[in-house]
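[1] Here's a sequence, model it:
(chains A and B, ligands or ions: 3)
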Amino acid sequence: MTLRIEDLPKEELFGQGNGGCKACGAAIAGRQAMKVLGERTIITIPASCMATLGGNNQKTAWKIPFYHTLFEMAPAVSSGIRAALEIQGVNDVNVVSWGGDAGSADIGFQALTGAAERNEHMIHVCYDNEMYMNTGGQQSSQTPLYALTSNDHIGKPVKKKNMLAIMEAHGLDYVASASIAYPFDLMEKFQNALANPGFSYIHILAPCYRGWQIPGEKTIEFARLAVESGLWELFEVKKGVRTRTHEPSLIPVADYLLPQGRFKNISKKAVEEIQTSITKYYGRGDK
Amino acid sequence: MSTTLLTGSEAAAYGAKLAKIEVIAYYPITPAFPAMERVSKFIQDGELKANFVRVESDHSALAATLGASLAGARAFTVTNSQGLLYMTEVCYHTAGLRQPVVMACANRALSAPHSRFPEQGDAVSQGANGWIQLFCENNQEVLDNTIQAFKIAETVKLPVLVNYEGYVQSHTLEEVVIPDQEKVNAFLPLVRFKTLDVENPQGVNTVTSPDFYMDYKFRQNEAMNEAVKVIGEVAETYGQEFGRNWSGLIETYKMDGAEHALVCMGSMVSEARLAVDELRSQGKKVGLVKVRAWRPFPVEALRASLKKVNKVTVFDKNIVYGMGGALGTEVRGALYGQASLNVNSYIVGLGGRKFGLNEIKQVIELSEKTVKQDVISEWFGL
Ligand SMILES: Cc1ncc(C[n+]2csc(CCOP(=O)(O)OP(=O)(O)O)c2C)c(N)n1
Ligand code: SF4
Ligand SMILES: [Mg+2]
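    Ligands and ions are numbered 1, 2, ... in the order given. All right, here's what the predicted structure looks like:
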């Protein structure tokens, strides 16, 4: 079943009046996801841009129950929410935790791996802007090799930790990558996650134009370039079966990397090495 | 109603069962774990309809308990020492969100150096986190306070920590009366507080500006002040219903005509009662003030009960480095400006160092010898 724009609800359950930057990739991801998650959803968001932009004093940008949790605990809180709903006989509410890359892969990883291993009936979303934006853009385990961050003017010396592989290794029935430049692909993945009665993990590449040092109006464009260059593969793993959901055109990776301010220190040789590994990866017919 | 032998851990578990908790999330730690194992057994045996969330850490244990509470379930957990410290951030958060969570705490010394033995330093370290804290002197009180804790929590909308000492209570059998379920149901009917509710969506813990933050904190503290009254009322009603009135924030024992008052909390109280009995039989005018609620701190009650004595001896099973024992410091603060009395305070029993009836009597003797100048946090039993 392919989603069409006319199938989507007109109502915006998240986003209106949010306190984020004007071209925030994370907020775009939230808006897209909510088109599928719907109003019977309870969302928990650990400390992050997405948590702070979601509500201020007595205002909230969410039309569903939204809880800005402590940094390390959103999936644990959501587990408790699910347990509470179940004991009250409520079975038609979607339980979601939604963390940044730090809130999912770094400080938040303990609660995430715990909830995933217990196969809690919930979805965890990692919206990945590849750095700690809410505290000014420091390096995370999701920052890619060579990228500059506010605490490093040389470039990251080690690789991005492969969270999708780690989450796959939990033996989950649904794991997927997504990108805000492919909204229908993203939304279909949320539909698939909702159909899974256990734990689902969705990792969304959601550029932060400020951290990436790109023009704000190019947030979506760079999300697309990441996919088309082959660096960010769109796929899903349903009950152990891995499917690539979008075949990239494999534009030169330099077109993705070099215009970004955060890669201004990257060497020609490094770009070539990345290109070689991408070519090799897709060349092996891995679909 | 039935009477049976229970450890403190079992008493906490029975209290939680009688309170009909709906969600328990828990992470094992010694010596609190038997309480959780007992609750799990109640659930698996079909004696308690509750969901157990087997979390991967203490931090997540309180986080899941909090999540359950926010979604409208009666929620409970158990911990102590390192587990409690690891939860600290969530403790503050739970209180700030005004959630009626109840947590049992089998008090244990804090590392380093590593110790798994009893002490009250873990609870004391959380003295500013916004939780109501009750200390229990025996296993019957553990059971009774666990039930009362839910009543108090749900009335003032603050979480409650129910303290009982590791091993001394958690692993020691005592005769405990288990009240009838129907009577507990009547005393503690299920009330749902749904904060995260799809029928009534709200944003929780939004970014709060200086225009609002301080007012929230004022209200939170007002709830603590309200608890001063509520804890007493709940004890009173519980006493009427179940025949055991553990009194409110404090209980006075043989304070009529007392010139010298002992002040302590937790398991030391039951032994201090024996010391008072013995000294009274020798004609010495000694009495006891049991601090049952450490938070809110019973300032007014202590002032009233210690009006006529000329000496107060405080036993502190905790140490606030560079300041002394927490109870001594706070008793002294509460009594400041009231008559001229000595408040002598002693650091005792840390990390399981023996502090029983004999030691209590020795400290009383030391304290009796002092004149005028307060003894401030002298270490006993080194
Ligand atoms: C225990 C704790 N440590 C540190 C922080 C400070 N902090 C808040 S958000 C954040 C970074 C969040 O990064 P990420 O999860 O990637 O989300 P982003 O802001 O990038 O969207 C940090 C370090 C905190 N709130 N709590
Ligand atoms: S800093 Fe980046 S992630 Fe944060 S709100 Fe702005 S655009 Fe979004
Ligand atoms: Mg980030």
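[2] Walking through chain A, point out its strands one by one.
    Along chain A, counting by DSSP state E, strands occupy A:41-46, A:55-56, A:59-60, A:66-69, A:94-99, A:122-128, A:174-179, A:199-205, A:235-238, A:241-244.
[3] Kindly report the same for the stretch 1-150 of chain B.
    B:2-6, B:23-25, B:51-53, B:75-79, B:102-107, B:132-135 (DSSP state E, counting those that start in this stretch).
[4] circling back to that earlier point, as CSV, the strands of chain A with distance to B:Ser9 and mean neighbour count would be great.
    The way it works is simple: take the backbone N, C-alpha and C, and place the C-beta from them, glycine included. Shown next, in CSV, are the strands of chain A (distance: least, CB to CB, whole Å; neighbours: other CB atoms under 10 Å in any protein chain shown):
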stretch, distance to B:Ser9, mean neighbour count
strand A:41-46, 31, 28
strand A:55-56, 41, 22
strand A:59-60, 42, 17
strand A:66-69, 30, 27
strand A:94-99, 32, 28
strand A:122-128, 31, 28
strand A:174-179, 39, 27
strand A:199-205, 32, 27
strand A:235-238, 43, 19
strand A:241-244, 47, 11
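[5] Reformat the ones you listed as TSV; add mean pLDDT and distance to A:Glu217.
    Converted to TSV, the strands of chain A look like this (pLDDT from 0 to 100; distance: least, CB to CB, whole Å):
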stretch	mean pLDDT	distance to A:Glu217
strand A:41-46	98	26
strand A:55-56	92	25
strand A:59-60	95	27
strand A:66-69	98	28
strand A:94-99	98	25
strand A:122-128	99	20
strand A:174-179	99	17
strand A:199-205	99	18
strand A:235-238	98	28
strand A:241-244	98	29
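[6] Which residue comes closest to the residue of the stretch 51-200 of chain B found nearest ligand 1 once chain neighbours are left out?
    Residue of the stretch 51-200 of chain B nearest ligand 1, by CB to the nearest ligand atom: B:Glu89 (6.4 Å). Nearest residue to B:Glu89, sequence neighbours excluded (CB to CB, 6 or more residues apart in numbering or on different chains): A:Leu70, at 5.7 Å.
[7] Kindly tell me how buried that neighbour is, as a neighbour count.
    When neighbours are defined as other CB atoms under 10 Å in any protein chain shown, A:Leu70 has 24 of them.
[8] What residue in the stretch 201-350 of chain B comes nearest to ligand 2?
    Counting by CB to the nearest ligand atom, the stretch 201-350 of chain B gets nearest ligand 2 through B:Val207, at 12.3 Å.
[9] where's that residue relative to A:Lys59, distance?
    10 Å (CB to CB, to the nearest Å).
[10] what do you get for A:Glu168?
    From A:Glu168 to A:Lys59 the distance is 39 Å (CB to CB).
[11] next one: B:Leu196
    From B:Leu196 to A:Lys59 the distance is 18 Å (CB to CB).
[12] I'd like to know the beta-bridge partner residues of B:Asn344.
    B:Thr313 (DSSP bridges).
[13] neighbours around it, how many?
    25.
[14] That one contacts B:Val371, doesn't it?
    No - judged on CB atoms under 8 Å, B:Asn344 makes no contact with B:Val371 at a distance of 10.7 Å.
[15] who touches the closest residue to A:Glu168 other than its chain neighbours in this structure?
    Once flanking residues are discounted, A:Glu168 sits nearest to A:Val175: 5.0 Å by CB to CB, 6+ apart. With contacts defined as CB atoms under 8 Å, 6 or more residues apart in numbering or on different chains, the neighbours of A:Val175 are A:Leu164, A:Met167, A:Glu168, A:Ser200, A:Tyr201, A:Ile202, A:Glu236, A:Val237.
[16] quick one: is the least confident helix or strand in chain A by mean pLDDT near chain B?
    Ranked by mean pLDDT, DSSP states H and E, the weakest helix or strand in chain A is strand A:55-56, scoring a mean of 92. Yes - using CB under 8 Å from any CB of the partner chain, strand A:55-56 reaches chain B at A:Gly55, A:Asn56.
[17] and the nearest residue to A:Gly114 once chain neighbours are set aside, how far is that from A:Ala115?
    Leaving aside its sequence neighbours, A:Gly114 sits nearest to B:Glu56 (CB to CB, 6+ apart; 3.0 Å). Distance, B:Glu56 to A:Ala115, using CB to CB: 8 Å.
[18] Compare the two and say which is more crowded by neighbours.
    Using other CB under 10 Å as the criterion, B:Glu56 and A:Ala115 rank with A:Ala115 on top: 28 against 19.
[19] Is there a neighbour count for the closest residue to the more buried one other than its chain neighbours? I'd like the number.
    Take A:Ala115 and drop its neighbours on the chain: the residue closest to it by CB to CB, 6+ apart is A:Pro75, 3.7 Å away. Neighbour count of A:Pro75, defined by other CB under 10 Å: 39.
[20] Spit out the contact partners of A:Pro75.
    A:Thr44, A:Ser97, A:Gly99, A:Gly108, A:Ala111, A:Leu112, A:Gly114, A:Ala115, A:Ala116, A:Glu120, A:Met122, A:His124.
[21] contacting residues for the residue nearest to A:Gly114?
    With CB under 8 Å, 6+ apart, B:Glu56 has these contacts: A:Gln110, A:Ala111, A:Thr113, A:Gly114, A:Glu117, B:Tyr27.
[22] where's the residue of the stretch 51-200 of chain B closest to ligand 1 relative to B:Asp316, distance?
    Relative to B:Asp316, B:Glu89 is positioned 26 Å away (CB to CB).
[23] Settle it for me: which of those two has more neighbours?
    For B:Glu89 versus B:Asp316, the count of surrounding residues by other CB under 10 Å is larger for B:Asp316: 30 against 17.
[24] give me the number of residues near the closest residue to the more buried one other than its chain neighbours?
    Computed as CB to CB, 6+ apart, the closest residue to B:Asp316 that is not its neighbour in sequence is B:Gly325, at 2.4 Å. B:Gly325 has 27 neighbours, counted by other CB under 10 Å.
[25] Likewise for the one 3 residues further on?
    Other residues near B:Gly328 number 28, with proximity taken as other CB under 10 Å.
[26] can you tell me how far it sits from ligand 3?
    Between B:Gly328 and ligand 3 the computed distance is 47 Å (CB to the ion, to the nearest Å).
[27] Please identify which helix or strand holds that residue.
    helix B:326-335 (DSSP states H and E).
[28] Packing partners of that helix?
    For helix B:326-335, the packing partners by 3 or more CB pairs under 8 Å, 6 or more residues apart in numbering or on different chains; DSSP states H and E come out as strand B:260-264, helix B:299-305, strand B:311-316, strand B:342-347.
[29] Buried residues, the helix or strand following the last one. List them.
    Using DSSP H and E, the helix or strand that directly follows strand B:342-347 along the chain is helix B:357-369. Of the residues in helix B:357-369, B:Glu359, B:Ile360, B:Lys361, B:Gln362, B:Val363, B:Ile364, B:Ser367, B:Glu368 count as buried by neighbour count, 16 or more other CB atoms under 10 Å in any protein chain shown.
[30] List the contacts of the residue of the stretch 201-350 of chain B closest to ligand 2.
    B:Val207 neighbours (CB under 8 Å, 6+ apart): A:Gly19, A:Thr52, A:Gly55, A:Asn56, A:Asn57, A:His68.
[31] Find the nearest non-adjacent residue to the fourth one, please.
    Translated: A:Asn56. Among residues not flanking A:Asn56 along the chain, B:Val207 sits closest, at 5.2 Å (CB to CB, 6+ apart).
[32] swap in the first one?
    The spatial neighbour of A:Gly19 that comes closest, neighbours along the chain excluded (CB to CB, 6+ apart), is A:Leu53 at 4.4 Å.
[33] any idea how far A:Asn134 is from the one you found?
    Distance from A:Leu53 to A:Asn134, by CB to CB: 9 Å.
[34] do B:Lys217 as well
    23 Å.
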